[in-house]
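# build me a model:
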Amino acid sequence: MRKLLFVSLVFAALCGCSEPTIDTSSPEATQSSIAKVRESLPEPQRKEFDAALAQIAMSNLDIKGLFAGTQTAESVAKNSMASLSGKTGAQVIATANALIEEGKAKERAQATAEIEELKAKQAKANAAKAELAKFAVSRSRFFLRDSIIGKVPVIELTVTNNTTHPIARAYFKGTIASPGRAVPWHSDTFNYEIPGGLEPSETANWCTDPVKTCSGVILSGDTHEHVDGRRDQALDGAS
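Numbering: from 1, shown residues only. Here you go, the predicted structure:
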């Protein structure tokens, strides 16, 4: 009899010491049990518990889904209650902390992916820059020639395609400047579609002289910015 009484007292003591949990069987039960769980926690943990509730609620929120109509306020509340059901205060805080760590892990993974993407773009840009350098402007000359209508500006260029691709179009930046002058007389950009293209290892002489013909090409400038291959595909990464 004494043994049975002892067991009963131990069982009663264990039941009395069990932590309260959240009951989500109804909105009223949810509110009441959350208040009891909060009161059961030491004072320093109550603010942490409040923040944990908010974290769990936010984790069940899908803003895109709300705008798309695939999620409603009711479904958010239902999912949040399912996440809280049967949990003690300590378990609610642990769940929220796990969600925070999961979010941090996703952010780290996203940051790593973005860094790798930037590295790939940088490598592509470096390779494109090296390829562009192979399209050489070996000679550029600007002068004024006398004609029956007065002085005529003439620009002559010699270019060589040292790339492994045929070039259909070349983009240039031309600058006219005098030695010793910090400010150029003129600077401009332009592009030219090359009739028949410029095959690898080919050299072309281009000029603007209306009398003297250089491959029938009219251009001005001395610095190439980028080049296009067939079907207007940039060979140097330019867009």
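# near the closest residue to residue 70 other than its chain neighbours, how many other residues are there?
Excluding the flanking residues, the one nearest residue 70 by Cβ to Cβ, 6 or more residues apart in numbering is residue 62, at 7.7 Å. Placement of C-beta: from N, CA and C, glycine included. As a burial measure, residue 62 scores 14 neighbours (other Cβ atoms under 10 Å).
# how close does residue 62 sit to residue 53?
18 Å (Cβ to Cβ, to the nearest Å).
# can you check residue 46 too?
Separation of residue 46 from residue 53 (Cβ to Cβ): 11 Å.
# which one's more surrounded, those two?
More crowded of residue 46 and residue 53, by other Cβ under 10 Å: residue 53, with 20 against 15.
# helix/strand/coil for the spatially most central residue of the chain?
In the chain, the centroid-proximal residue (Cα atoms, centre = their mean) is residue 114; its distance is 6.0 Å. Here residue 114 is helix, with the state taken from DSSP: H, G, I helix; E, B strand; the rest coil.
# now the one 10 residues further on
Using three-state DSSP, the three-state assignment for residue 124 comes out as helix.
# neighbours of it, how many?
Residue 124: 12 neighbours (other Cβ under 10 Å).
# mind checking how far it is from residue 131?
Distance, residue 124 to residue 131, by Cβ to Cβ: 10 Å.
# before we move on, what about residue 157?
For residue 157, the distance to residue 131 - Cβ to Cβ - is 20 Å.
# would you map out the domains in this protein?
Structurally, the chain divides into domains by automatic domain parsing as follows: 13-105, 132-232.
# will you turn these into TSV that also has mean pLDDT and distance to residue 118?
Listed next are these as TSV, based on pLDDT from 0 to 100; distance: least, Cβ to Cβ, whole Å:
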stretch	mean pLDDT	distance to residue 118
domain 13-105	86	21
domain 132-232	75	20
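# in CSV: these, plus distance to residue 119.
Formatted as CSV, those follow (distance: least, Cβ to Cβ, whole Å):
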stretch, distance to residue 119
domain 13-105, 21
domain 132-232, 20
